[in-house]
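**Q** below is the structure, and that's it, no one-letter string:
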């Protein structure tokens with residue numbers, strides 16, 4: 001599955017590169033972003049269009065990261081509580097039995113009866 005992911009990402013990168021190279025004139029065309037609100041009028045400096053696209057992508061990434069932040073913080077709190085509970089249970093549990101050196105970990109010779117010989 002790892003190689004499939006790598007191949008798909010490589011394919012996506014190649015496709016995006018081809019689209020960019022075939023449409024360089026569009027992406028490198030410099031435009032100004034104008035805002036005309038009732039109380040505010042303004043414009044940005046003329047920048048290539050791909051920079052506006054990259055800034056929009058970055059802004060969307062930041063907004064999505066901030067939207068997921070409360071869930072991540074809640075999960076972190078839950079994980080700390082669960083880890084504390086596991087430590088409590090481990091401290092309250094009896095110590096595991098140790099085996100004598102040279103004895104197998106699972107010794108069935110003492111607990112299992114000898115099989116009856118077949119005649």
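**A** Right, received. Where do you want to start? Just so it is clear, the structure is predicted and the values come from calculations on it, not from any experiment. Numbers count the residues shown, from 1 in each chain.

**Q** which other residues reach stretch 23-40?
**A** For stretch 23-40, contacts defined as C-beta atoms under 8 Å, 6 or more residues apart in numbering pick out 20, 41-50, 52-53. No exception for glycine: its C-beta is placed from N, CA and C like everyone else's.

**Q** per-residue confidence averaged over stretch 27-46?
**A** Here stretch 27-46 scores 86 as its mean pLDDT.

**Q** next, count neighbours for residue 93.
**A** 8 (other C-beta atoms under 10 Å).

**Q** so, low pLDDT: which residues of this protein?
**A** Within the chain, the stretches with pLDDT under 70 are 96-100, 102-119.

**Q** which parts of it are helices?
**A** For the chain, the helices defined by DSSP state H occupy 2-22, 24-27, 49-92.

**Q** now distance to residue 37 too, for those helices, in a markdown table please.
**A** Shown next, in a markdown table, are the helices of the chain (distance: least, C-beta to C-beta, whole Å):
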| stretch | distance to residue 37 |
| --- | --- |
| helix 2-22 | 33 |
| helix 24-27 | 28 |
| helix 49-92 | 19 |
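
**Q** could I get these as JSON lines with mean neighbour count and distance to residue 35?
**A** Supplementary listing: the helices of the chain in JSON lines, determined by neighbours: other C-beta atoms under 10 Å; distance: least, C-beta to C-beta, whole Å:
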{"stretch": "helix 2-22", "mean neighbour count": "10", "distance to residue 35": "27"}
{"stretch": "helix 24-27", "mean neighbour count": "11", "distance to residue 35": "22"}
{"stretch": "helix 49-92", "mean neighbour count": "10", "distance to residue 35": "13"}
